[in-house]
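> quick one, structure for this:
(2 chains)
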Amino acid sequence: MCKEQKYIIQICTGTLCHVMGGAELPALIDYLPKNLKLKVQIKGMVCANYCKDQTKKPPFVLINSELMQEADLEKIINYLQKCENNDTYQ
Amino acid sequence: MTHTNKATLTRRELLIQLCKLLKEGTIEDQIDRIPLNMRPKGNQSLRCCIHKDRAVLKYKIMALLGFNVDDETDELTSLRDYVLRAKQRKSLTSKVMTVVDEACSSCQQGSYQISNMCQGCEARPCSENCPKNAVNFINGHAEINHETCVNCGKCMNECPFHAIIYRPVPCEEACPVKAISKDEQGIEHIDHDKCIYCGKCMASCPYGAIMEKSHIIEIFQAWENGKKIIALVAPSIAAQFRQSMPKVYNAIKKIGFYDIIEVAKGAEYTIEHESQEWSEKMHSGCQFMTSSCCHAYTELVNKHISELKDKVSDTPTPMFYAGKLAKEQYSDALTVFIGPCTAKRHEAYFLENIDYTLSFEELGALLIANNIDIEKMDNEINMQFADSNVQFFAQSGGVTDAISKKTGNILQSEIINGINKASIRQLKQIAKGKTESNFIEVMSCENGCVAGVNTLIKGKQALEIFKKNQNEIGR
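Residues are numbered from 1 along each chain as shown, chains lettered A, B, ... in the order given. Next up, the predicted model:
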């Protein structure tokens, strides 16, 4: 299993994502459960035009290479926990 | 976890859609489609069905077009008709908020409830301690008779199993002055004789049923008519975006504002004047003076603590001075105050030099409708930033600091950080002279304007960004 910073989370800093709730996503660092705290690195990313796809909704977050739409703290944490659980069973 | 919830996001999405249509010039043809597009067929509904969802969205849009929702006379009036009416209206009203009755869930009257945690114990302290004999036992389970219950809460405090809970009505609970209450149908109404425009009801309603009446139509109309519009930007903007201040200001200019004047520039005058006023008042034997820059506070005094009236500073607010500066510089222009505050909308209505107001949410929607990404803006701007001393006005304690520096640190201050039921009691005591201080600062929002009602970011994060931005431009 990888040691540190196994998950790189990139939060879109574009104005659309910011207004639609992305503004508060960096707070993730305060809400991560103990088992994830050291494994996550949070960064900002310049708008990569994910919002140009009308079928997808902001705010956008990249977790490693996985794109998450309509991201919120709960959704991100649940996703990370699911990854962790899968790793444990494998 | 965070302060943006789904109800706030719905409001923002509506604002974005509205601004996009206004920008494209297709508002009249497309506006009635917004509720359909946001809740398409086959989609899961938030309420009982998508038709209810759509009706709620329709009336929220009506509020954003600047109408009182309860003024509707014909339910068949389309949003297109409202747009046409909005474009023709000549003036705004001082009622800045409206309740969207369709969205109000008519939460049941706040009351104490016995949960199924009740063990039907032998001691039965709930019933023993009830002063009105409103707690009875039926089949070994406590029940409250709501006809006789007076909501004192003694039963809840006494229950050893924590089986009794209080179920509040969020907006009524949040309102510090009992200005919002139910009609016979259970729908909430704002009593404008009591309302201090603090916006706490709006922020607290889990259904987003309380809406601010936007000036967005008026502002677009002004642009269409080729008017120059000057943006008067509140200092709390420094807590709203992660980009540098020059980038943010360049983005605001790109929307179409002719020039930007920092409201903090106006605050320089407020400080100057207020410091002098304070010194004079102390000389003439006044016990204390209170700040006047928070409009929700001055309304509170006017409507609810009249005994404090002569203690409130007569100095006009930073917004007043900023508007004056703008009109002196550009006599033919319109002015728009951009800030996080619902009360400022009410104040602006009475100020000659402020034409319209925009919230930070509306500013965000305007940026998005114009396809502006702040990150991609130029980091250089040619403008005169306000004095470092006054930038902290947006934070609780900032006014006190600035006046203290000006008057030579002889201020003994007390800071009322947030208007709520408890701080109102405290203010009533202060009005009776029960204070050691000679300057009282009152802010309606806890932590000050940086945590205003209409902010995109709040709390710790907002304060961090605020500090970072202040350091960056060397103030």
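> contacts for the lengthiest helix in chain B?
Ranked by residue count under DSSP state H, the longest helix found in chain B is helix B:263-283. Contacts with helix B:263-283, where a contact means C-beta atoms under 8 Å, 6 or more residues apart in numbering or on different chains, come from B:232-235, B:289, B:291-293, B:313-325, B:337, B:339, B:384-387, B:389-391, B:393, B:399, B:402-403, B:406-407, B:411, B:438-439. C-beta coordinates here come from the backbone N, C-alpha and C atoms, glycine included.
> of these, buried ones?
If you count burial by 16 or more other C-beta atoms under 10 Å in any protein chain shown, the buried members of the contacts of helix B:263-283 come out as B:232-235, B:289, B:291-293, B:313, B:315-325, B:337, B:339, B:385-386, B:389-391, B:393, B:399, B:402-403, B:406-407, B:411, B:438-439.
> would you mind measuring from the one residue in chain A that gets nearest to chain B to A:Cys12?
Among residues of chain A, the one nearest chain B by C-beta to the nearest C-beta turns out to be A:Val19. It sits 3.6 Å away. Using C-beta to C-beta, to the nearest Å, one gets 11 Å for the distance from A:Val19 to A:Cys12.
> which SS state does the residue lying closest to B:Ile457 once chain neighbours are set aside fall under?
In this structure, B:Ile457 finds its nearest non-sequential neighbour in A:Ala23, 4.6 Å apart by C-beta to C-beta, 6 or more residues apart in numbering or on different chains. Here A:Ala23 is helix, with the state taken from DSSP: H, G, I helix; E, B strand; the rest coil.
> return the residues in contact with A:Ala23.
The neighbours of A:Ala23, taking C-beta under 8 Å, 6+ apart as the test, are B:Thr4, B:Gln240, B:Arg242, B:Leu456, B:Ile457, B:Gln461.
> helix or strand: which one has the fifth one?
Of the helices and strands defined by DSSP states H and E, none includes B:Ile457.
> gap between the residue in the stretch 251-400 of chain B positioned nearest to chain A and B:Cys445?
Nearest residue of the stretch 251-400 of chain B to chain A, counting by C-beta to the nearest C-beta: B:Gly364, 3.6 Å away. Taken as C-beta to C-beta, the spacing of B:Gly364 relative to B:Cys445 amounts to 19 Å.
> what residues does the stretch 101-250 of chain B have near chain A?
For the stretch 101-250 of chain B, the residues found near chain A under the criterion C-beta under 8 Å from any C-beta of the partner chain are B:Gln240, B:Phe241, B:Arg242, B:Gln243.
> may I see the residues you listed arranged in CSV, with neighbour count and distance to B:Pro125 as well?
Compiled in CSV, these are given as follows (neighbours: other C-beta atoms under 10 Å in any protein chain shown; distance: C-beta to C-beta, whole Å):
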residue, neighbour count, distance to B:Pro125
B:Gln240, 27, 50
B:Phe241, 26, 53
B:Arg242, 21, 53
B:Gln243, 21, 57
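> do stretch B:437-451 and chain A meet at all?
No. Stretch B:437-451 does not reach chain A (C-beta under 8 Å from any C-beta); its nearest approach is 12.9 Å.
> counting neighbours, what do you get for the spatially closest residue to A:Lys6 that is not a sequence neighbour?
Taking C-beta to C-beta, 6+ apart, and ignoring the residues beside it in sequence, A:Lys6 has A:Lys39 as its nearest neighbour in space, at 4.6 Å. A:Lys39 has 17 neighbouring residues, counting by other C-beta atoms under 10 Å in any protein chain shown.
> I'd assumed A:Ile9 was in contact with A:Lys39.
No. The pair A:Lys39 and A:Ile9 fails to qualify as a contact (C-beta atoms under 8 Å) at a distance of 10.5 Å.
> got phi/psi on the residue in the stretch 201-350 of chain B that chain A sits nearest to?
Using C-beta to the nearest C-beta, the closest approach of the stretch 201-350 of chain B to chain A is made by B:Arg242 at 6.1 Å. Dihedral angles of B:Arg242 (phi, psi; degrees, to the nearest 10) stand at phi -80, psi -10.
> same question for B:Gln185.
Geometry field for B:Gln185 lists phi and psi as phi -80, psi 0, criterion degrees, to the nearest 10.
> also the one 5 residues further on?
For B:Ile190, the backbone dihedrals are phi -90, psi 130 (criterion: degrees, to the nearest 10).
> what sits against the residue lying closest to it once chain neighbours are set aside?
Computed as C-beta to C-beta, 6+ apart, the closest residue to B:Ile190 that is not its neighbour in sequence is B:Ile180, at 5.3 Å. B:Ile180 makes contacts with B:Val99, B:Cys171, B:Glu172, B:Glu188, B:His189, B:Ile190, B:Asp191, B:Cys195, B:Cys201, B:Ile210, as judged by C-beta under 8 Å, 6+ apart.
> try it again at 6 Å.
In this structure, B:Ile180 makes contact with B:Cys171, B:Glu172, B:Glu188, B:Ile190, B:Cys201, judged by C-beta atoms under 6 Å, 6 or more residues apart in numbering or on different chains.
> could you tell me which of the residues you listed belong to helices?
B:Cys171, B:Glu172, B:Cys201.
> before we move on, the earlier item: check the gap between the residue nearest to B:Ile457 and B:Ala234 for me.
Here A:Ala23 is placed at a distance of 17 Å from B:Ala234 (C-beta to C-beta).
> repeat that for A:Lys39.
Distance check for A:Lys39 against B:Ala234: by C-beta to C-beta, it reads 40 Å.
> again with B:Asn371
The separation that B:Asn371 has from B:Ala234, given C-beta to C-beta, amounts to 24 Å.
> residues from chain A in reach of chain B?
By C-beta under 6 Å from any C-beta of the partner chain, the part of chain A that sits against chain B consists of A:13-16, A:19, A:21, A:23-24, A:27, A:31, A:46-47, A:73.
> can you do 8 Å?
Contacts of chain A with chain B, taken as C-beta under 8 Å from any C-beta, map to A:13-16, A:18-21, A:23-24, A:26-27, A:30-31, A:44, A:46-47, A:72-74.
> which among the residues you listed count as buried?
The neighbour-count test (16+ other C-beta under 10 Å) applied to these identifies A:13-16, A:18-21, A:23-24, A:26-27, A:47, A:72-73 as buried.
> in strands only, show me the residues you listed.
Using DSSP state E, no member of these sits in strands.
> and which of those residues is nearest B:His346?
Using C-beta to C-beta, A:Val19 comes nearest to B:His346 of those, at 24.6 Å.
> how close does the closest one get to B:Gly153?
Relative to B:Gly153, A:Val19 is positioned 40 Å away (C-beta to C-beta).
> over to B:Glu75?
When distances are taken as C-beta to C-beta, B:Glu75 and B:Gly153 turn out to be 41 Å apart.
> now do the least confident helix or strand in chain A by mean pLDDT: everything it contacts.
Per-element confidence for chain A was summarised using mean pLDDT, DSSP states H and E. The lowest value among helices and strands belongs to helix A:73-89, with a mean of 89. Identification of contacts with helix A:73-89 by C-beta under 8 Å, 6+ apart yields A:1, A:7, A:9, A:24-25, A:27-28, A:31-33, A:35-36, A:40, A:61, A:63, A:66, A:68, B:1-2.
> export the contacts of B:Ile180 to a markdown table and append columns for neighbour count and pLDDT.
As requested, the contacts of B:Ile180 are exported to a markdown table (neighbours: other C-beta atoms under 10 Å in any protein chain shown; pLDDT from 0 to 100):
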| residue | neighbour count | pLDDT |
| --- | --- | --- |
| B:Cys171 | 25 | 95 |
| B:Glu172 | 18 | 94 |
| B:Glu188 | 23 | 93 |
| B:Ile190 | 23 | 96 |
| B:Cys201 | 25 | 96 |
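> now the two most distant members of the residues you listed.
B:Glu172 and B:Ile190 (11.1 Å).
> shared neighbours of those two, anything?
Jointly contacting B:Glu172 and B:Ile190 under the rule C-beta under 8 Å, 6+ apart are B:Ile180, B:Cys201.
> no further queries at this time; thank you.
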